[in-house]
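>>> I would like the atomic coordinates for the input below:
(one chain, ligands or ions: 1)
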Amino acid sequence: TSQAAPVARKLRVATTSLAGCFGCHMSILDIDERILKLVELVEFDRSPLTDIKTCGPCDLGIIEGGLCNAENVHVLREFRKNCKVLLALGACAINGGLPAQRNHLDLRDILEEVYQTGADMSHGGIPNDPELPLPLNKVHPIHEVVKVDYFLPGCPPPADAIWKLLTDLLAGRTPNIGHGLLHYD
Ligand code: SF4
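Now for the predicted structure:
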């Protein structure tokens, strides 16, 4: 009797957006119909695509966004602990990106300008609900807190570059994106 070919295990992938705008996640979805191929190859753990809230053991963790508050740091450490390979996806994860524009200003000054003295006084004071994560004084790129295995630049990185990187990793190859697909804007 002929035996069925062994079914390759799907790789488990988690994704999250820290201090990001979800544009990098939108770029993942921009792989268009190739997403059908992707779901044959991977299963998603914690991700905005699944709404799973905690990260379990994974082959690959994809991080969008840098670190602007204590919860970002907690989630990033959870990903690093559980993911064999960690990818910094996009400018914000790699260097802080747009949110890091606030780094040359004092955090207290910003909060007072936005919530107390600025033109829009409708907020009712600086939010202090204990449920809110504490903001960090500066916005940090993720490699300042955990080891990062791969960095894919761009704001956002193009879908074709994300696809090339994912398919290389899924095939067990060292990712080789090539100059045509690497963008820094
Ligand atoms: Fe958004 Fe650009 Fe940051 Fe990605 S790199 S989260 S697209 S601002």
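
>>> Can you give me the end-to-end span of stretch 44-56?
From the first residue to the last, stretch 44-56 extends over 10 Å; the measure is CA to CA, to the nearest Å.

>>> Mind checking the pLDDT average for that stretch?
Regarding stretch 44-56, the rounded mean pLDDT is 93.

>>> Quick check: the closest residue to the ligand within the chain vs Asn72, distance?
Taking CB to the nearest ligand atom, the ligand has its nearest neighbour within the chain at Gly23, 2.6 Å off. C-beta: built from backbone N, CA, C; applies to glycine. According to CB to CB, to the nearest Å, Gly23 and Asn72 sit 17 Å apart.

>>> Have a look at these two and say which one is more surrounded.
Neighbour count, other CB atoms under 10 Å: between Gly23 and Asn72, Asn72 has more, with 25 against 19.

>>> mind checking how far the helix or strand where that one lies is from the chain centre?
Taking DSSP states H and E as the definition, Asn72 sits inside helix 70-82. The chain centroid and the centroid of helix 70-82 are separated by 11 Å, computed with CA atoms, centre = their mean, to the nearest Å.

>>> can you check stretch 163-181 too?
Using CA atoms, centre = their mean, the distance between the centre of stretch 163-181 and that of its chain works out at 18 Å.

>>> Ok, stretch 100-116 next?
Relative to the chain's own centre, stretch 100-116 is displaced by 24 Å; criterion: CA atoms, centre = their mean.

>>> Just the buried positions in it, please.
Within stretch 100-116, the residues that qualify as buried are Ala100, Arg102, Tyr115, counting by 16 or more other CB atoms under 10 Å.

>>> same deal with stretch 59-74?
Under the neighbour-count rule (16+ other CB under 10 Å), stretch 59-74 has Asp59, Leu60, Gly61, Ile62, Ile63, Glu64, Gly65, Gly66, Leu67, Cys68, Asn72, Val73 buried.

>>> ditto for stretch 126-135
By 16+ other CB under 10 Å, the buried positions in stretch 126-135 come out as Pro135.

>>> And the strands in this protein, which stretches?
For the chain, the strands identified by DSSP state E occupy 11-17, 42-44, 58-64, 67-69, 83-89, 135-140, 150-152, in order along the chain.

>>> looking at these, which is closest to Arg108?
The closest of the strands of the chain to Arg108 is strand 135-140. By CB to CB, the value is 9.2 Å.

>>> per-residue confidence averaged over that closest one?
Summarised as a single mean, pLDDT over strand 135-140 is 97.

>>> ok, now stretch 90-100?
Averaged across stretch 90-100, pLDDT comes to 97.

>>> Establish whether it and the ligand are in contact.
Yes. Counting by CB under 6 Å from any ligand atom, the ligand is contacted by stretch 90-100 at Gly90, Ala91, Cys92, Gly97, Leu98.
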